[in-house]
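Trainee: Output the structure for:
(one chain, ligands or ions: 1)
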Amino acid sequence: MHKLWGGRFQGSIDDRAFEFNESLSFDKRLYKEDISGSIAHVTMLGKCGILSEEDSDLIIKGLSGILSDIEDGSLAIEGNYEDIHSFVESVLTERIGEAGKRLHTGRSRNDQVALDMKLYIRNTIDALDENLKDLMKILFRLIEENEETYMPGFTHLQKAQSVTLAHHLGAYFEMFMRDRDRFHDIRKRLNSCPLGAGALAGTTYPLDRNMTATLLEFDQPTRNSMDSVSDRDYLIEFLGALSIIMMHLSRFSEEVILWNSDEYRFVEIDDRFSTGSSIMPQKKNPDIAELVRGKTGRVYGSLMSLLTVMKGIPLAYDKDMQEDKEPAFDAIDTVQSCIVLFGAMLDTMKFNKPKMEASSKKGFTNATDVADYLVKKGVPFRDAHSISGRLVLKCIDRHCSLDELRLEELREESDSFEEDVYEAISLNTCVEARKTQGAPSKDSMDEVIRTYRKYLEE
Ligand code: ARG
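Mentor: Residues are numbered from 1 along each chain as shown. Modelled structure (predicted):
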């Protein structure tokens, strides 16, 4: 067993305790961040005269060698090491000797792991942000292509008023915009460097914490050494942001599943993103969308897990905090694959526009417009609402839609109806007359689309 400690021990650790304690099996994915953190630390130690220039140069070369050997596959991260920090330091010392043992001067694994995780989450935010942007580009193409694709809008999953597919998809574009905003906020708030906090109480070496913060592209060093090693707020916020992304993807998936069903037939998911049944030959199932919806629970679980881990631990570092990693890594992998797969499915999905439009004409989606028509003829809205409601009842009885009623039939309920009602309650008018900001008409959407285009070009 390779350990970074042992002096005060007389016996050696139980094998089961070692297994239970180790984190290398999962924190090995922090190798890049661990090494770049160490390089910054040693650079600073050398510049501040805490280590000799020779030693710091030797260590930096050694660390760079380890990094490139890991990346080209010639050095495998394995063996009886407690964690990635022990692995890197032990390999370094094997390779360069005495100088390697000076790497950890003025540092603790507590500020080291706090740094590694922050760096890793920062890199991950940037990567996921790109994934989200790619998904939004697919969405944007569909929005641009479907400004005049009419479809029913729903409330209570009942047909409510007509909208367009562009408008409906635009709602998701807005959600993903907020998701990216949240990423940027979290990135900004996490961007203080914990390195130099030591175990919990700083250090007696004259470290230049500003220098390491700058070398690692942080905005500043953290202000309180105890908070530095025990803060996982940013990780909880990040898992919160991931949970919200999943909530959005899950709602979208739910709609895709409904739309792809025989009852709706609004869309057809491409064969590449569907699966069949082992018994029912007719089936083509929306498994990808269902899995995205299902995996949402798993990401929420990670958030709950970390909130619970953190709730009872006294300041400063406690080993409980090692339990931040597996849920975080699992959530990251899950969200990344969900964004990518959902995007690919969306990109290849076929929208059945005639079916959507036909559906939009049914279900009295223009009942509000009948009332609004009467209001424009001077009828108070509450009366108009009731007249329109009675007409709906009449239509249900006659198995027809509101615009299929003859003028005499309309006038049985109100003599304010005139020939121009048909134009006023046509599907085209119902959508295109809704010109308020944020409404589905092409005029309103044109402006929003310009904003989206600019946003994606940034
Ligand atoms: N593997 C540990 C973690 O992830 C590293 C920090 C260990 N620090 C300590 N004092 N044992 O939290």
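
Trainee: got any ranges where the stretch 201-350 of the chain has weak pLDDT?
Mentor: The model of the stretch 201-350 of the chain has no residue with pLDDT under 70.

Trainee: quick one: contacts for the residue in it that the ligand sits nearest to?
Mentor: Per Cβ to the nearest ligand atom, residue 322 is where the stretch 201-350 of the chain lies closest to the ligand, at 3.7 Å. For glycine as for every other residue, the C-beta is placed from the backbone atoms N, C-alpha and C. Neighbouring residues of residue 322 by Cβ atoms under 8 Å, 6 or more residues apart in numbering: 23, 113.

Trainee: swap in residue 32?
Mentor: Counting by Cβ under 8 Å, 6+ apart, residue 32 has contacts residue 67.

Trainee: For it, report the pLDDT, please.
Mentor: According to the prediction, residue 32 has pLDDT 98.

Trainee: check which helix or strand covers it.
Mentor: Applying DSSP states H and E as the criterion places residue 32 in helix 31-47.

Trainee: Over to residue 151?
Mentor: Assigned by DSSP H and E, residue 151 falls within strand 150-155.

Trainee: quick one: that strand to chain centroid distance?
Mentor: 26 Å (Cα atoms, centre = their mean, to the nearest Å).

Trainee: Helix, strand, or coil at residue 195?
Mentor: coil (DSSP: H, G, I helix; E, B strand; the rest coil).

Trainee: Export the strand holding residue 151 to CSV, keeping only CA atoms.
Mentor: Only the C-alpha atoms of strand 150-155 are listed here, as CSV (Å, rounded to 0.1, in the frame of the first residue of the first chain):
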residue,chain,number,x,y,z
TYR,A,150,-50.1,25.4,-36.5
MET,A,151,-50.8,23.1,-33.6
PRO,A,152,-53.0,23.1,-30.5
GLY,A,153,-51.6,24.5,-27.3
PHE,A,154,-52.7,22.7,-24.2
THR,A,155,-53.6,23.4,-20.6
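
Trainee: can you list contacts of that strand?
Mentor: By Cβ under 8 Å, 6+ apart, strand 150-155 touches 159-165, 167-168, 266, 356-357, 359-360, 362-363, 365, 427-428, 431, 440.

Trainee: run the last query once more with 7 Å
Mentor: 159-165, 168, 266, 356-357, 359-360, 363, 365, 427, 431 (Cβ atoms under 7 Å, 6 or more residues apart in numbering).

Trainee: ok, the closest residue in space to residue 437 that isn't next to it in sequence - contacts?
Mentor: Once flanking residues are discounted, residue 437 sits nearest to residue 444: 6.4 Å by Cβ to Cβ, 6 or more residues apart in numbering. Neighbouring residues of residue 444 by Cβ under 7 Å, 6+ apart: 435, 436, 437, 438.

Trainee: phi, psi of residue 275?
Mentor: phi -130, psi 170 (degrees, to the nearest 10).

Trainee: The longest helix seen in the chain near the ligand at all?
Mentor: Among the segments of the chain that qualify as a helix by DSSP state H, the longest is helix 109-145. Yes. Helix 109-145 reaches the ligand (Cβ under 6 Å from any ligand atom) through 109, 110, 113.

Trainee: As CSV, those with neighbour count and pLDDT would be great.
Mentor: Listed next are the residues of helix 109-145 next to the ligand as CSV, based on neighbours: other Cβ atoms under 10 Å; pLDDT from 0 to 100:
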residue, neighbour count, pLDDT
109, 20, 97
110, 21, 98
113, 26, 98
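
Trainee: can you tell me which of those lies nearest to residue 379?
Mentor: residue 113 (70.1 Å; Cβ to Cβ).

Trainee: doesn't residue 206 fall inside a helix?
Mentor: No. Applying three-state DSSP, one finds residue 206 to be coil, outside a helix.

Trainee: my guess is it meets residue 48, correct?
Mentor: Yes. With contact defined as Cβ atoms under 7 Å, residue 206 counts as touching residue 48 (6.0 Å).

Trainee: who has more neighbours, those two?
Mentor: Comparing residue 206 with residue 48 by neighbour count (other Cβ atoms under 10 Å), the higher total belongs to residue 48, at 15 against 9.

Trainee: Which pLDDT value does the model give that one?
Mentor: So residue 48 comes in at 98 (pLDDT).

Trainee: can you pull the contacts of it?
Mentor: So residue 48 contacts 206, 207, 208 (Cβ under 7 Å, 6+ apart).

Trainee: Phi and psi next, for it.
Mentor: Here is the backbone geometry of residue 48 (degrees, to the nearest 10): phi -90, psi 0.

Trainee: now do residue 14
Mentor: phi -60, psi 140.

Trainee: near the ligand, which residues of the stretch 101-250 of the chain?
Mentor: So far as Cβ under 6 Å from any ligand atom goes, the stretch 101-250 of the chain lies against the ligand at 109, 110, 113.

Trainee: how about 8 Å then?
Mentor: 108, 109, 110, 112, 113, 117, 199 (Cβ under 8 Å from any ligand atom).

Trainee: how close does residue 426 sit to residue 413?
Mentor: Residue 426 sits 19 Å away from residue 413, going by Cβ to Cβ, to the nearest Å.

Trainee: Who has more neighbours out of the two?
Mentor: Ranked by neighbour count (other Cβ under 10 Å), residue 426 and residue 413 place residue 413 first, with 19 against 16.

Trainee: a helix runs through that one, doesn't it?
Mentor: No. Assignment of residue 413 by three-state DSSP gives coil, placing it outside any helix.

Trainee: Tell me the spacing between it and residue 389.
Mentor: 10 Å.

Trainee: and what of residue 55?
Mentor: For residue 55 relative to residue 389 (Cβ to Cβ), the value is 85 Å.

Trainee: So which of these two has more stuff around it?
Mentor: Using other Cβ under 10 Å, the more surrounded residue of residue 55 and residue 389 is residue 55, with 21 against 15.

Trainee: Which of the helices or strands spans that one?
Mentor: Per DSSP H and E: helix 53-71 holds residue 55.

Trainee: wait, which of the contacts of residue 444 is closest to the ligand?
Mentor: So of these, ranked by how close each gets to the ligand (Cβ to the nearest ligand atom), first place is residue 438, at 46.2 Å.

Trainee: before we move on, back to that, contacts for the helix holding residue 55, please.
Mentor: With Cβ under 7 Å, 6+ apart, helix 53-71 has contacts from 31-32, 35, 38-39, 42-43, 45-46, 75, 77, 88, 91-92, 95-96, 99-100, 102-103.

Trainee: May I have that helix as CSV, with CA atoms only?
Mentor: The C-alpha trace of helix 53-71 is given here as CSV (Å, rounded to 0.1, in the frame of the first residue of the first chain):
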residue,chain,number,x,y,z
GLU,A,53,14.2,26.8,-8.5
GLU,A,54,15.9,23.5,-9.3
ASP,A,55,13.5,21.5,-7.2
SER,A,56,10.5,23.3,-8.5
ASP,A,57,11.6,22.9,-12.1
LEU,A,58,12.3,19.2,-11.5
ILE,A,59,8.9,18.7,-10.0
ILE,A,60,7.1,20.6,-12.8
LYS,A,61,8.9,18.5,-15.4
GLY,A,62,8.0,15.3,-13.5
LEU,A,63,4.4,16.3,-13.2
SER,A,64,4.2,17.2,-16.9
GLY,A,65,5.7,13.8,-17.7
ILE,A,66,3.1,12.1,-15.6
LEU,A,67,0.3,14.0,-17.3
SER,A,68,1.4,13.1,-20.8
ASP,A,69,2.0,9.5,-19.9
ILE,A,70,-1.5,9.2,-18.5
GLU,A,71,-2.9,10.8,-21.6
